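**Student:** need the 3D shape of this:
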Amino acid sequence: MAFRSRSNSSDREAESGYASGSSTASLPDIYFTRPHLKFVNAQLAKLEPVDVLRWCLTSLPQLWQTSAFGLTGLAIMDMISKLDYAIKPNIELIFLDTLYHFPQTLDLVERVKERYPSLKIHTYKPEGCENTADFEQNFGERLWESNEDRYDYVAKVEPAQRAYRELDVKAVLTGRRKSQGGKRGDLDIIEIDDQGLIKVNPLANWSFKQVQAYIKENDVPTNDLLDQGYRSVGDWHSTQPVTDSEDERAGRWKGRNKSECGIHNKKSRYAMFLQEQEEKRQQELSDAIHQGLKIEAAP
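**Tutor:** Numbers count the residues shown, from 1 in each chain. Below you'll find the model as predicted:
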């Protein structure tokens, strides 16, 4: 299993027969075999999250954090800020502003900036949009109701992909955990998505109570909505409070057969639709060119 490989046969013909970090040979940015990935996950599962972060600093280039400022992401931010390690943790953060966040979430972003002044936050919005009015002019009002897949794509998936591309991201830290329920129940600490992006879930094995305890002990700033029965906070139009007996993410897209927005799915249905449309367009173009050549060649 190789990711972003740029090697070719001539590169492998180095005089020594080997390539080192200072070599000019072109190598894959990051490489895992399936058995190696399984071994790494088994080992990391035995470690505390802080030790997982230390491993990441040693092993993964171009490491970033993605967060919507949920409890787990906040705990990871705080851990990074306190990390006592020989390698300085220079991990910057990507925040996807869908333009439909609660005011309390945006207020939290500002409080986080004050609490962690050295943390650099890169905010990405839907393409061509600075505010909600721009979004609704470009894509229509209440798009999450009229075309949910398209909404997920333009508000979250495309901005995330743009961020990874523009920032040359190779690996990201996420706040996903097994105890959040839904499709996250069998989460590994290290995952590889279908684009070759490495996703690290340092708190994958922690419970909600463990995260809460860490947040309280370290006086980490949190979303004011948590005091109103919310546990997992996303867009205001698709987030509700939950009861103590419900999964942590039960308030996200409540009443719908859905638990993820598409960022952590293999590929969103809308993205696949776009790909299919582009492939169809390319095929039609190829057919037209071929037909034109046949007409031109006719006697």
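**Student:** rest of the way, CA atoms for contacts and neighbours
**Tutor:** Will do.
**Student:** what residue ranges in the stretch 101-250 of the chain are flagged as low confidence?
**Tutor:** Applying pLDDT under 70 to the stretch 101-250 of the chain flags residues 181-185, 249-250.
**Student:** hey, where'd the strands end up in it?
**Tutor:** 121-124, 171-173, 190-192, 198-200 (DSSP state E, counting those that start in this stretch).
**Student:** looking at the ones you listed, which is buried most?
**Tutor:** Stretch with highest mean neighbour count among the strands of the stretch 101-250 of the chain: strand 171-173 (a mean of 24; mean count of other Cα atoms under 10 Å).
**Student:** mind giving me the packing neighbours of that strand?
**Tutor:** The elements that strand 171-173 packs onto, with contact taken as 3 or more Cα pairs under 8 Å, 6 or more residues apart in numbering; DSSP states H and E, are strand 63-66, strand 198-200.
**Student:** mind checking which of the ones you listed is nearest Val40?
**Tutor:** For the helices and strands packed on strand 171-173, proximity to Val40 was assessed by Cα to Cα; strand 198-200 is nearest, at 11.6 Å.
**Student:** show residues contacting that closest one.
**Tutor:** With Cα atoms under 8 Å, 6 or more residues apart in numbering as the test, strand 198-200 has contacts from Lys170, Ala171, Val172, Leu173, Thr174, Ile189, Ile190, Glu191, Ile192, Asp193.
**Student:** then stretch 127-143?
**Tutor:** Here stretch 127-143 makes contact (Cα under 8 Å, 6+ apart) with Leu99, Tyr100, Pro126, Arg150, Tyr151, Val154, Glu158, Pro159.
**Student:** so how many other residues sit close to the fifth one?
**Tutor:** The number of residues packed around Tyr151, counting by other Cα atoms under 10 Å, is 21.
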